[in-house]
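Asks: coords below, sequence missing:
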Ligand code: ADP
Ligand code: ADP
């Protein structure tokens, strides 16, 4: 599903954000990406989304070599990868329904498909009764569930979550984790960058730890493993 071979990323002379990263992520895995601030987590994610290019090495996503992807192909890559952010990034002037529908309109899905798919994903994240609300009318946890619905509405094979619980209280964070786990159980590969030690320790999933740009640990059923 995802493969990095000898991947390095230098932003400029002397700034080695990633150094010789080698790993494989299989379809359906749930992975925590951990590491101190500046360790390279965001860079790792940007390389997968083709927001940055590697300085060295090879990156394969869903059997496609994206190392030298043409500009024209980038939208197709991003269609296959849903993304969820810490700060939700919802459109404030659109309802919950419209926020999710908008992600389908962008890829020119038919209105028939939109009418079928949007209520389905809102149901999956437990927001069927909030479809007509605006983001400011929702709690933080509900907003994050909207952003998850938006991220999965086009059926991506990979979901990347960048600190998805960073703005949420612990109880709400766990609700979000339940939703992500459910999506994962349906076959979506999930990569979650996080500082949530408790969550990582309890979930017992694969942990990839970065330190100063290097993978220093890659462990099945791993733990967070360090103090922030
Ligand atoms: P994390 O997400 O784990 O905090 P980052 O991937 O953001 O780590 O950063 C890794 C390293 O790359 C840090 O030293 C950071 O300062 C540097 N870095 C990140 N983005 C840029 C950029 N656009 N230009 C220059 N240096 C950057
Ligand atoms: P059309 O295919 O004509 O665009 P839609 O079914 O997509 O019609 O819906 C039009 C508008 O109605 C949407 O933008 C949304 O605001 C609202 N809407 C549709 N379905 C729902 C729903 N289940 N809950 C809340 N609002 C909805």
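Replies: That came through, no problem. What you see is a predicted model; the values in this text were computed from it and never measured. Ligands and ions are numbered 1, 2, ... in the order given.
Asks: which parts of the lowest-mean-pLDDT helix or strand in the chain are buried?
Replies: Counting by mean pLDDT, DSSP states H and E, the weakest-scoring helix or strand in the chain turns out to be helix 74-79, with a mean of 92. Judged by neighbour count using 16 or more other C-beta atoms under 10 Å, the buried positions of helix 74-79 are 77, 78. Heads up, the C-betas are built off the backbone N, CA and C, glycines and all.
Asks: what does it rub up against?
Replies: The contact list for helix 74-79, computed with C-beta atoms under 8 Å, 6 or more residues apart in numbering, reads 49, 50, 61, 64, 66, 69, 107, 154, 156.
Asks: Touching, residue 138 and residue 96? I think so.
Replies: Yes - taking C-beta atoms under 8 Å as the definition, residue 138 is a contact partner of residue 96 at 7.4 Å.
Asks: tell me, what residue is most central in the protein?
Replies: residue 160 (1.2 Å; C-alpha atoms, centre = their mean).
Asks: Please name the bridge partners of that one.
Replies: On the basis of DSSP bridges, residue 160 is bridged to residue 83, residue 191.
Asks: ok, now which ones touch it?
Replies: Taking C-beta under 8 Å, 6+ apart as the contact definition, residue 160 lies against 45, 48, 49, 81, 82, 83, 84, 190, 191, 192, 193.
Asks: Let me have those residues in TSV, extended by pLDDT and distance to residue 179.
Replies: Output for these, formatted as TSV (pLDDT from 0 to 100; distance: C-beta to C-beta, whole Å):
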residue	pLDDT	distance to residue 179
45	98	20
48	97	21
49	96	21
81	97	18
82	97	13
83	97	15
84	98	10
190	98	11
191	98	16
192	98	12
193	98	17
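Asks: Okay, buried residues for stretch 11-23 please.
Replies: For stretch 11-23, the neighbour count (16+ other C-beta under 10 Å) marks 16, 17, 18, 19, 21 as buried.
Asks: Looks to me like the third one is in a helix.
Replies: No - under DSSP: H, G, I helix; E, B strand; the rest coil, residue 18 falls outside any helix and is assigned strand.
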